[in-house]
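J.: A structural model of the following input is requested.
(2 chains)
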Amino acid sequence: MTMDMSRYLGLFISEATDHLEALGRDLVQLEREGTATVVDSMFRHAHSVKGMASSMGFEPIAVLAHRVEDLVDAVRQDRGRLDRDVVDLLLTAADTMLAQVRAVAESKPADEASVLLTQLGNRYIAMTGKGLATTRVAKTTMSKPAATDGASTGTASGDGPARPAGDTAVEGPAGTTKPGTESTAQAGGGAASTSEAAGAQASGDTGSVAEKVAKGTGAGTPSGTSRSQSPVGIAGPTVDLAAQGLPLPPDLLTPPGTSPNVVSASGVPSVGAAEGAVAVVAAALGLVEPPPNDLVDRLKDAASVPVPAQTPPPAEVRSVLPPRVPAEARGPMQRWAVRLRIAPTCQVPGVRAFLVHKRLTNLGTLVDLRPALEELKAGRIPDGYIQLELETTAGDTGIHASLKNVVDVEVVSVKPAVAAPAPVVAAPAAEAARAANDATARTVRVRTELLDYFLDTVGELMLATARLREVGKVLPENARPALEEGVYRLHTLVKDLHDKVMTARMTPLSLITDRLPRAARDIARRKEREVDLVITGAEIELDRAILDELADPLMHLLRNCIDHGLESPEERVAAKKGPRGRVLVAVKRARDRVIIEIEDDGRGMDPAKLKSAAVARGLLSVENAARMSDREAFLLSCLPGVSTAKDITDISGRGVGMDAVKRVVENVGGTLEIDSEKGRGTRFTLRLPLTVAVVHLLLVEVGDEVFGLPIAKVVGATEADGEALSRSRETALLPHGNSLLPVHSLDTLVGVPAPPRQGARPFVVMDADSGRVALAVDRLLGQEEVVLKPLSRPLDLLPGLSGVTILGSGRPVFILDVPRLLSA
Amino acid sequence: MAKRVLVVDDAIFMRNMIKDIFASGGFEVVGEAANGLEAVEKYKELKPDLTTMDIVMPFKSGIEATREIIKADSSAVVIMCSALGQESLVMEAIEAGASDFIVKPFRAEDVLAVVKKVLGET
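T.: Numbering: from 1, shown residues only, chains lettered A, B, ... in the order given. Here you go, the predicted model:
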């Protein structure tokens, strides 16, 4: 349920305006006499505005108020931090918020004020050394029917509109996700949470590449070592890059660890479920509807997974009992072993656990508590489980009663504690528990925006290193070795640091796939479909930034499969299929890519219908339609407005469409493919880079231009006389291994004028969609490892360009997506 | 009989929202207070079944007010209204005797779930 907030709008406008004007007055007074009272008052004003704006769902205002609140709080901690600049900044912020409030009063969107946010954030980080917190903002409606889309209410935050990476704040690494929280801004790619890590990836940057270059933001290139160690090509007839000892990633096709995750209809992954077993999930039962518990039980039986028994409270506790057990109800002093679980949906598990702790210490003496209190308070509770031993006269009834009226707490078990556990038996378990505790203790949560900041800073370091090296080249001969040695050392250190930062950013896909079972259930239920959802390989890790972007597309594809792909049970039976549809989400790793396949066994797509729909909308000419392959035709479904579904349903027809899915996947450097067979089903294949940030490039020169080719696609390089090549019709053929590869001239492909040349020239052999191809270039410049920056508008609209980077010399270089260039 | 609620928050906006949530859940809001001082006075006067308490307020904070209310009536049920990032303040309030807490931005069903649970109605 979403609250209709429109009736509070007037109040919001007037009260927020009051607070903001008061904040402005306080600020002016603060400059005259910075008393604690004034600072406290400022904090309250900012805090109130944040609370109101977040309740209204006015994200820009809430985020800005949050930053102001943070900064004022920092000043409150230490008034020595206050200076004229801070006051100026805060005054600007107060004015901006007033303008934002005026904007929403006029039903206009409030300005995001991203520059100001960054300034406030930077100042806060500089003052405190702390990272920025995320801002929770309610999803609200304004006098419109409440959105009751199960998929959006039942899933965690990432269900909102896609945002550019870097503009989306998410809380720390895995474990902080709160699946099921509707209010956004939690982990998992929160749509409504906005942050502006200091100097982080320019949020939604609409500036041109030229601007970026001028600002020197972001991109950096280490190079050097690889360049000097590995001059590619030129000499030998064929130079195999891998054989040169170049860092081609090992082929990692589906590592052994990718056992299927079995998920249950309740949306909870059945932990430890039979390995390798094909997961059977009754995600939806549109026809028969057994009571929920019965359904869950049957599924548990089916999966034969031992599940901790749900402890129903003893009958006598069902009556309302006060939290504090009266003295006369007390029995003998006894020690109890209690096992509890804080619900994974709990927003603030630390406080929840603290409340439990408080309740129990009211009952008696805690003799053992795991995790320890400090860990509990910090919310570091592995899987939400808390174990403790309590000496009390209240009995198990009293323990149950004291926790009965606390939400989000499940009492797993209350048993008499064994007074002196046999040491021999207990030792391994105790050791394991201690080891687990140690592991927890050695782990800290870091906010994602801080990770973004690290990454960006490391990128800058790489760039600075590369510049130093360039400087070295103009030094006199005798001064060079010392500098080069230092630069080399610096480069290795930065590289190492970069690797570590990247590792820290890797997050398992389960973070987003864990929501799919529940969504599948809801969609199937509504559409009266029956579906088994099987998810495999969810433990495979991807860069957090990519993961965040993927939440919406995955959800959309799942909806598409169930809503449009799967037939009703009756239709399926008529088509000689089982009544239950099957949707498979398979995650695999291949080289430096992660492949996600979402596949249904439904009715499949009709390429002819897609073509005629595209033609009817004027998106495709009849001639082109006739020439188009089925595979290309399936991708027509990604054009805005093309859909063969007869009606826009309430499920697939809302939010992101296939066009958005394709755009998001390509924005993170991935590709989308669609395969379909009528009557057999449809498969969406997402090929994604492991990380957004760094790519290995082979730099090539064509005419006066330099381009980067992703090493991942490069098979090798060779040299041949272009004129001497054999030809088939118009296409020159280059002998490579045992085959002849079609030759494409890069100058023609990118439209760069290049002088005709005689004699031997280098060719780069690359993987393309239709097999290997050879690219004719003028010169191979060597390998670089670069920080990839996504292209901003309008350059991102050009097919065949996958990003841009800046070389050590300061020269911007486009990275080519050769397969798309060839098909464009 | 409907349970009687006292709503404490320095923003009228928040008070109205909370009042509407309670009304939708079948509670009776018997009073409201805009700061900690007023809260303690109103509590003693009204003896509500439940009090929702904002933390950051002028004159007297919600934590201090809770402490005084519990001192006056150890069976008082006070629910703290907190925002993310205020965890340590909420824990302080729990130490002071608060029964439970809710987290902004509020969702009606979450608020009612906590409240009903605390009052033993579920």
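
J.: and residue A:618, helix, strand or coil?
T.: coil (DSSP: H, G, I helix; E, B strand; the rest coil).

J.: now do residue A:469
T.: helix.

J.: Neighbours of it, how many?
T.: Look at residue A:469: counted by other Cβ atoms under 10 Å in any protein chain shown, it has 24 neighbours. All C-beta spots, glycine's among them, are computed from the backbone N, C-alpha and C.

J.: Can you name the residue of the stretch 51-200 of chain A nearest chain B?
T.: Taking Cβ to the nearest Cβ, chain B has its nearest neighbour within the stretch 51-200 of chain A at residue A:138, 3.6 Å off.

J.: For residue A:609, see how far away residue A:624 is.
T.: 16 Å (Cβ to Cβ, to the nearest Å).

J.: Report whether the helix or strand hosting residue A:50 contacts chain B.
T.: Assigned by DSSP states H and E, residue A:50 belongs to helix A:36-56. Yes: residues of helix A:36-56 contacting chain B under Cβ under 8 Å from any Cβ of the partner chain: A:41, A:43, A:44, A:47, A:48, A:50, A:51, A:52, A:54, A:55.

J.: how about the helices in chain B?
T.: B:12-24, B:36-46, B:62-72, B:87-95, B:108-118 (DSSP state H).

J.: I'd like the ones you listed laid out as TSV, including mean neighbour count.
T.: As requested, the helices of chain B are exported to TSV (neighbours: other Cβ atoms under 10 Å in any protein chain shown):
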stretch	mean neighbour count
helix B:12-24	20
helix B:36-46	19
helix B:62-72	22
helix B:87-95	20
helix B:108-118	19
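
J.: want to throw these into TSV with mean pLDDT and distance to chain A?
T.: Formatted as TSV, the helices of chain B follow (pLDDT from 0 to 100; distance: least, Cβ to the nearest Cβ, whole Å):
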stretch	mean pLDDT	distance to chain A
helix B:12-24	90	5
helix B:36-46	92	12
helix B:62-72	92	12
helix B:87-95	89	5
helix B:108-118	88	5
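
J.: Would you format those as JSON lines with distance to residue A:96 included?
T.: Putting the helices of chain B into JSON lines (distance: least, Cβ to Cβ, whole Å) gives the following:
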{"stretch": "helix B:12-24", "distance to residue A:96": "20"}
{"stretch": "helix B:36-46", "distance to residue A:96": "31"}
{"stretch": "helix B:62-72", "distance to residue A:96": "29"}
{"stretch": "helix B:87-95", "distance to residue A:96": "27"}
{"stretch": "helix B:108-118", "distance to residue A:96": "31"}
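
J.: ok so, going back, buried residues in the helix holding residue A:50?
T.: Buried residues in helix A:36-56, counting neighbours by 16 or more other Cβ atoms under 10 Å in any protein chain shown, are found at A:38-56.

J.: Kindly report the same for stretch A:573-590.
T.: Buried, per 16+ other Cβ under 10 Å, within stretch A:573-590: A:577, A:580, A:581, A:582, A:583, A:584, A:585, A:586, A:587, A:588, A:589.

J.: Which ones among those residues map onto strands?
T.: A:581, A:582, A:583, A:584, A:585, A:586, A:587, A:588, A:589 (DSSP state E).

J.: what number of residues lie near residue A:367?
T.: Counted with other Cβ under 10 Å, residues neighbouring residue A:367 total 12.

J.: what's the closest non-adjacent residue to it?
T.: The shortest distance from residue A:367 to any non-neighbouring residue, by Cβ to Cβ, 6 or more residues apart in numbering or on different chains, is to residue A:389 (4.8 Å).

J.: Write down the beta-bridge partners of the one you found, one by one.
T.: Residue A:389 forms beta bridges with residue A:337, residue A:368, as assigned by DSSP bridges.

J.: Following the record's annotation, map out the domains of chain A.
T.: Following automatic domain parsing, one finds the domains of chain A at A:6-128, A:169-324+A:422-442, A:334-420, A:448-506, A:510-689, A:694-823.

J.: pLDDT on the third one, on average?
T.: By that I understand domain A:334-420. Averaging pLDDT along domain A:334-420 gives 84.

J.: do the fourth one as well
T.: Averaged across domain A:448-506, the pLDDT comes to 82.

J.: buried ones in whichever strand or helix holds residue A:783?
T.: Using DSSP H and E, residue A:783 sits within strand A:779-787. Neighbour counts over strand A:779-787 (16+ other Cβ under 10 Å) mark A:780, A:781, A:782, A:783, A:784, A:785, A:786, A:787 as buried.

J.: near chain B too, which of the residues you listed?
T.: Okay, of the buried residues of strand A:779-787, nothing touches chain B (Cβ under 8 Å from any Cβ).

J.: Can you name the two of those that sit furthest apart?
T.: A:780 and A:787 (21.6 Å; Cβ to Cβ).

J.: Which residue ranges of the stretch 301-450 of chain A form helices?
T.: Under the criterion DSSP state H, counting those that start in this stretch, the stretch 301-450 of chain A carries helices at the ranges A:349-363, A:373-377, A:395-404, A:423-441, A:448-473.

J.: my bad, should have said the stretch 51-200 of chain A
T.: A:59-77, A:84-105, A:114-128, A:150-153.

J.: any chance of these in CSV, plus mean pLDDT, mean neighbour count and distance to chain B?
T.: As requested, the helices of the stretch 51-200 of chain A are exported to CSV (pLDDT from 0 to 100; neighbours: other Cβ atoms under 10 Å in any protein chain shown; distance: least, Cβ to the nearest Cβ, whole Å):
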stretch, mean pLDDT, mean neighbour count, distance to chain B
helix A:59-77, 89, 25, 8
helix A:84-105, 88, 18, 12
helix A:114-128, 86, 19, 13
helix A:150-153, 36, 19, 10
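
J.: Which one of the ones you listed lies nearest to residue A:447?
T.: Closest among those, using Cβ to Cβ: helix A:114-128, at 11.1 Å.

J.: Who are the packing partners of the closest one?
T.: helix A:59-77, helix A:84-105 (3 or more Cβ pairs under 8 Å, 6 or more residues apart in numbering or on different chains; DSSP states H and E).

J.: Residue A:620 is nearest to which of the ones you listed?
T.: By Cβ to Cβ (comparing all of the helices and strands packed on helix A:114-128), the closest turns out to be helix A:59-77, at 38.3 Å.

J.: hey, C-alpha coordinates of that closest one in CSV?
T.: Extracted in CSV, the C-alpha atoms of helix A:59-77 (Å, rounded to 0.1, in the frame of the first residue of the first chain):
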residue,chain,number,x,y,z
GLU,A,59,14.0,12.9,-3.3
PRO,A,60,16.1,15.9,-4.4
ILE,A,61,14.9,17.9,-1.4
ALA,A,62,15.4,15.1,1.0
VAL,A,63,18.8,14.3,-0.2
LEU,A,64,19.9,17.9,-0.1
ALA,A,65,18.4,18.3,3.4
HIS,A,66,20.3,15.2,4.5
ARG,A,67,23.6,16.6,3.3
VAL,A,68,22.9,19.9,5.1
GLU,A,69,22.0,17.9,8.2
ASP,A,70,25.2,16.0,8.0
LEU,A,71,27.3,19.1,7.5
VAL,A,72,25.6,20.9,10.4
ASP,A,73,26.0,17.9,12.6
ALA,A,74,29.7,17.9,11.8
VAL,A,75,29.9,21.5,12.8
ARG,A,76,27.9,20.7,15.9
GLN,A,77,30.5,18.1,16.9
